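> next comes the sequence, and after it the predicted model I'd like to discuss.
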Amino acid sequence: MPDGGGGLAIWSRYPLHPEHNYPGFELGVLRAVVDAPSGPVTLYAVHLLPPYPYPSGEWIRELARLRALLDATGASRPVVVGGDFNATVDQAPFRRLLGHGYRDAAEQLGAGYLATYPTDHPPLPPVIAIDHLLLRDASPVSLRTVALPKSDHRGLLVRVALDA
């Protein structure tokens, strides 16, 4: 088997339902509801197209479609949205996601610039922060990047407290 891989998944120690894979996103957007001990939580896993080498209009359309999905998510439970947004907080299309109660976990914690990509060009470190965790009705407790063997990204390890 060659090195590398791809795909998107939501893993949980608690039951997941109803799972949904949204069509029309080139690299994928998944949603599931987890039966957490404190109550249900909506989870999204995202991997959006990058603005380059693809036409940047596709990237902008995917961010807008994701914004519409998040806006349509009912307000009855906390929401956690994580993944590779292929966008940084200094890009206006990404900042438009940060509304209607959604906030970036790194920004909430004052964690600064957490570069996660690329990791596959040693000895150079990652230089851009394109992986994010967005929260609604939840608060980050801690956040750090972690090495992911054979990945071209560092992961985000975030502890989250659900708002009462």
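Okay, I see it. What you see is a predicted model; the values in this text were computed from it and never measured.
> relative to residue 29, how far out is the spatially most central residue of the chain?
The centroid of the chain falls nearest to residue 82 when counting by CA atoms, centre = their mean (2.1 Å). Per CB to CB, to the nearest Å, residue 82 is found 11 Å from residue 29. (C-beta placed from N, C-alpha, C; glycine too.)
> need the residues touching each of these two.
Contact criterion CB atoms under 8 Å, 6 or more residues apart in numbering; residues shared by residue 82 and residue 29: 44, 45, 46.
> which of the residues you listed has the largest number of neighbours?
Highest neighbour count within these, by other CB atoms under 10 Å: residue 46, with 27 neighbours.
> quick check: bridge partners of that one?
Here residue 46 sits in beta bridges with residue 29, residue 83, going by DSSP bridges.
> show me what contacts it?
Counting by CB under 8 Å, 6+ apart, residue 46 touches 8, 25, 28, 29, 30, 66, 81, 82, 83, 84, 85.
> how about a cut-off of 7 Å?
29, 66, 81, 83, 85 (CB atoms under 7 Å, 6 or more residues apart in numbering).
> okay, these in TSV with distance to residue 150 next?
Below are these laid out as TSV (distance: CB to CB, whole Å):
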residue	distance to residue 150
29	23
66	27
81	25
83	18
85	21
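> would you map the strands across this structure?
16-21, 29-36, 39-47, 79-84, 103-104, 131-136, 138-146, 155-162 (DSSP state E).
> could those strands go into JSON lines alongside mean pLDDT?
Shown next, in JSON lines, are the strands of the chain (pLDDT from 0 to 100):
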{"stretch": "strand 16-21", "mean pLDDT": "92"}
{"stretch": "strand 29-36", "mean pLDDT": "96"}
{"stretch": "strand 39-47", "mean pLDDT": "96"}
{"stretch": "strand 79-84", "mean pLDDT": "97"}
{"stretch": "strand 103-104", "mean pLDDT": "96"}
{"stretch": "strand 131-136", "mean pLDDT": "97"}
{"stretch": "strand 138-146", "mean pLDDT": "96"}
{"stretch": "strand 155-162", "mean pLDDT": "95"}
